[in-house]
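1. need a 3D model of the following:
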Amino acid sequence: MGVDQDTAKELQELKENNLIGFPNKRVASYFNDSTFIPKRLAEDVAEEMPVVNDGIHLYTYQRGYFAPGGRLKIRKLAQKKLDEEARRNRIEEVIYHLESHRLIDPEELNEDSSHINLKNGLLKWKTGEIKDHTPDQLSTIQIPVTYDPEATCPKFDEFLKGVVPPDTIPMVHEMMGYLLIPETDLEKAFMLTGTGANGKSTLLYAIEKLIGQANIANVPLQELESNRFKKALLYGKLANIFADLSSRVMEGSSAFKTLVSGDRIDGEFKGKDSFSFTPFAKLIFSANELPGSTELGTSFFRRWEVIDFPNQFTGSQKKQGLKYEITTEEELSGILNHAVEGLKRLYDKGEFTPSESSRKRKELFERESDNVLAFVDEECIFNPDARVYTKKVYQEYKEWCFENSYKPLGKKKFNNRLTAKHPELTKKRDRGQPEHWQGIGLLVNEQETDKGDVIL
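-> Residues are numbered from 1 along each chain as shown. Just a heads-up that it's a prediction; the model follows:
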């Protein structure tokens, strides 16, 4: 049977373009003769699904943001495009090409804090303008909430009024707003505290729904100090949230201070090389009993905002399913509006709205966290004529710590902490006498003279 002219012409074109033997022209375009050219397929993949690599994760653009786990998505798309010519080594070559040619500095990701990436677009939070998603915005974060400037959240509002004092509500809104952007310039961490069954967990659940679980790490405060692998989990996250924090004492506070301030820090995933990154995850914890640290001071406590939950709900007062009622799509859009307004207010003032109840709770937090402060409150008196041997007061402090299950500080740190809280104290040494503190005395076995001197 003869071949008609059209068929003959098509066969000639296939032969001239080395397309014979391939399922279709598209597949054949990835080859030169029988040699696979990974660059061609890689460019085709990246055209359909933009790709970036920060040296830690390979991201692919989908639904308005760059999501991690790109290797699997690239593999599926490349396999689909190669059709019957798909081979493991060919697909790996494509992935390698994209990893090499789409490499960017990690600092280029999420560097635009003027926009919040939401389900329905990019919100310029200072003005309320919203624009379409674009892969030009190198964002690995998307808040899973729809922006509706008219949305309200009556059930969430009612809940919040019932669990925190009225003067603290603005701070809660500001805290939620602070979580929305990849910035740490206000250098604040948050502690939600109070006895059990008081709404802390429900608020944290609402925050997780607002921010999105993909944008949150869950590492205990103590492990951020003691476990070198845990800090890496905060890479690219907006928040680190951990409920029911243990009261176990932290060994130091250097990692805490670095994370809260957003200074560069080293991270390491198990089995991988270490890397440096700039964290922007805000730290939020809840606790019934507050943890202490072996390294305390003004620089530690000034970084905390403490939110008190003074009410307890038991029996019929506990409302089942409340956390689901306050996190519907409509409620979350309203909560988002509160958060955006809180964010505007926060950056207009440069600080969180002061709250008297939070101030008092923070003072208690400081006392409970600082065993030196707790010791002097319970066991010491202060007046200009009081005095005590430095060796004696430190020995009493160590015994007090042992009796109360605290880990005592070394003598130098104890002295530094004591003078940080009471700068009026001075060290003196009378002729032939051991060194003593002037201005402080011990309540234990004290003997007061007519002049008011305390001699121990």
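
2. so what's residue 54 up against?
-> The contact partners of residue 54, by Cβ atoms under 8 Å, 6 or more residues apart in numbering, come to 103, 104, 105, 106, 108, 109. Quick note: C-beta positions are derived from backbone N, CA and C, even for glycine.

3. the first one against residue 53, yeah?
-> Yes: under the criterion of Cβ atoms under 8 Å, residue 103 is in contact with residue 53, at a separation of 5.0 Å.

4. about what we covered before: by neighbours, which of the contacts of residue 54 wins?
-> Neighbour counts for the contacts of residue 54 (other Cβ atoms under 10 Å) peak at residue 109, which has 21 neighbours.

5. and that residue, what does it touch?
-> 52, 54, 66, 138, 139, 140, 236.

6. let's go with 7 Å and repeat that
-> Neighbour list for residue 109: 54, 138, 140 [criterion: Cβ atoms under 7 Å, 6 or more residues apart in numbering].

7. and residue 339, by the same measure?
-> With the criterion set at Cβ under 7 Å, 6+ apart, residue 339 makes contact with 173, 176, 177, 180, 210.

8. at 8 Å what do you get?
-> Neighbours of residue 339 in contact, by Cβ under 8 Å, 6+ apart: 173, 176, 177, 179, 180, 210.

9. residue 343 now?
-> Residue 343 neighbours (Cβ under 8 Å, 6+ apart): 125, 174, 177, 178, 180, 181.

10. what's the most distant pair in those residues?
-> Spanning the widest gap among these are 125 and 174, at 12.9 Å by Cβ to Cβ.

11. comparing these two, which residue is more hemmed in?
-> A count of neighbours by other Cβ under 10 Å puts residue 174 above the other of residue 125 and residue 174, at 26 against 23.

12. so that one sits against residue 342, correct?
-> Yes: with contact defined as Cβ under 8 Å, residue 174 reaches residue 342; the gap is 3.9 Å.

13. tell me which residues of stretch 329-339 are tucked away?
-> 331, 332, 333, 334, 335, 336, 337, 338, 339 (16 or more other Cβ atoms under 10 Å).

14. packing partners for the helix or strand harbouring residue 116?
-> Taking DSSP states H and E as the criterion, residue 116 maps to strand 115-118. If contacts are counted by 3 or more Cβ pairs under 8 Å, 6 or more residues apart in numbering; DSSP states H and E, strand 115-118 sits against strand 121-124.

15. quick one: the helices in the stretch 301-450 of the chain?
-> 322-325, 329-349, 356-369, 371-379, 390-403, 411-421 (DSSP state H, counting those that start in this stretch).

16. hmm, who's touching stretch 353-369?
-> Outside stretch 353-369, the residues within contact range by Cβ under 8 Å, 6+ apart are 164-165, 167-168, 170-171, 174, 191, 193, 289-293, 296, 301, 304-308, 310, 345, 373-374, 377.

17. can you select the buried ones among these for me in PyMOL?
-> To isolate the buried subset of the contacts of stretch 353-369 in PyMOL, counting by 16+ other Cβ under 10 Å, use the following:
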select buried, resi 164+165+168+170+171+174+191+193+290+291+292+293+296+301+304+305+306+307+308+345+373+374
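
18. mind listing which of the contacts of stretch 353-369 are in strands?
-> Of the contacts of stretch 353-369, the ones assigned to strands by DSSP state E are 191, 193, 304, 305, 306, 307, 308.

19. quick check: of the residues you listed, which lies closest to residue 404?
-> Looking across the ones in strands among the contacts of stretch 353-369 and measuring by Cβ to Cβ, the closest to residue 404 is residue 193, at 19.7 Å.

20. beta-bridge partners for the closest one, please?
-> residue 287, residue 308 (DSSP bridges).

21. wait, doesn't it sit right on residue 304?
-> No: taking contacts as Cβ under 8 Å, residue 193 lies outside contact range of residue 304: 10.3 Å.

22. can you get me a residue count around the closest residue to residue 396 other than its chain neighbours?
-> Distance criterion Cβ to Cβ, 6 or more residues apart in numbering; nearest residue to residue 396, sequence neighbours excluded, is residue 442 at 5.9 Å. By the measure other Cβ under 10 Å, the count of residues near residue 442 is 20.

23. how about residue 282?
-> Counted with other Cβ under 10 Å, residue 282 comes out at 27.

24. how about the contacts made by it?
-> 178, 179, 184, 188, 189, 190, 238, 239, 240.

25. please repeat the previous calculation with a cut-off of 6 Å.
-> 179, 239 (Cβ atoms under 6 Å, 6 or more residues apart in numbering).

26. one step back: mind putting the ones in strands among the contacts of stretch 353-369 into CSV with pLDDT and distance to residue 262?
-> Putting those into CSV (pLDDT from 0 to 100; distance: Cβ to Cβ, whole Å) gives the following:
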residue, pLDDT, distance to residue 262
191, 94, 19
193, 91, 24
304, 92, 16
305, 95, 16
306, 94, 21
307, 95, 21
308, 93, 26
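
27. quick check: the farthest pair among the residues you listed?
-> 304 and 308 (12.5 Å).

28. returning to that earlier point: okay if I get the helices of the stretch 301-450 of the chain as CSV plus distance to residue 115?
-> Formatted as CSV, those follow (distance: least, Cβ to Cβ, whole Å):
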stretch, distance to residue 115
helix 322-325, 29
helix 329-349, 12
helix 356-369, 30
helix 371-379, 43
helix 390-403, 50
helix 411-421, 42
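
29. now name the helix or strand holding residue 44.
-> Using DSSP H and E, residue 44 falls in helix 38-48.

30. what's the single longest strand in the protein?
-> strand 380-389.

31. who are the packing partners of that one?
-> Contact analysis of strand 380-389 by 3 or more Cβ pairs under 6 Å, 6 or more residues apart in numbering; DSSP states H and E lists strand 436-442 as its packing neighbours.

32. relative to helix 390-403, how tilted is the strand it packs on?
-> If you take axes from the mean of the first three to the mean of the last three Cα atoms, to 10 degrees, strand 436-442 sits at 40 degrees to helix 390-403.

33. and the average pLDDT for strand 436-442 is what?
-> Across strand 436-442, the average pLDDT comes to 94.

34. in that strand, what counts as buried?
-> Buried residues in strand 436-442 (16+ other Cβ under 10 Å): 436, 437, 439, 440, 441, 442.

35. how close does the third one sit to residue 413?
-> Right, residue 439. Per Cβ to Cβ, to the nearest Å, residue 439 is found 20 Å from residue 413.

36. the second one now?
-> Counting by Cβ to Cβ, the gap between residue 437 and residue 413 amounts to 16 Å.

37. next, the distance between the ends of stretch 128-141.
-> From its first residue to its last, stretch 128-141 covers 19 Å (Cα to Cα, to the nearest Å).

38. hey, where'd the helices end up in the stretch 51-200 of the chain?
-> Under DSSP H, counting those that start in this stretch, the stretch 51-200 of the chain gives helices at 70-82, 88-101, 154-163, 169-179, 200-211.

39. which secondary structure elements does the longest one sit against?
-> Helices and strands touching helix 88-101, as assessed by 3+ Cβ pairs under 6 Å, 6+ apart, comprise helix 38-48, helix 70-82.
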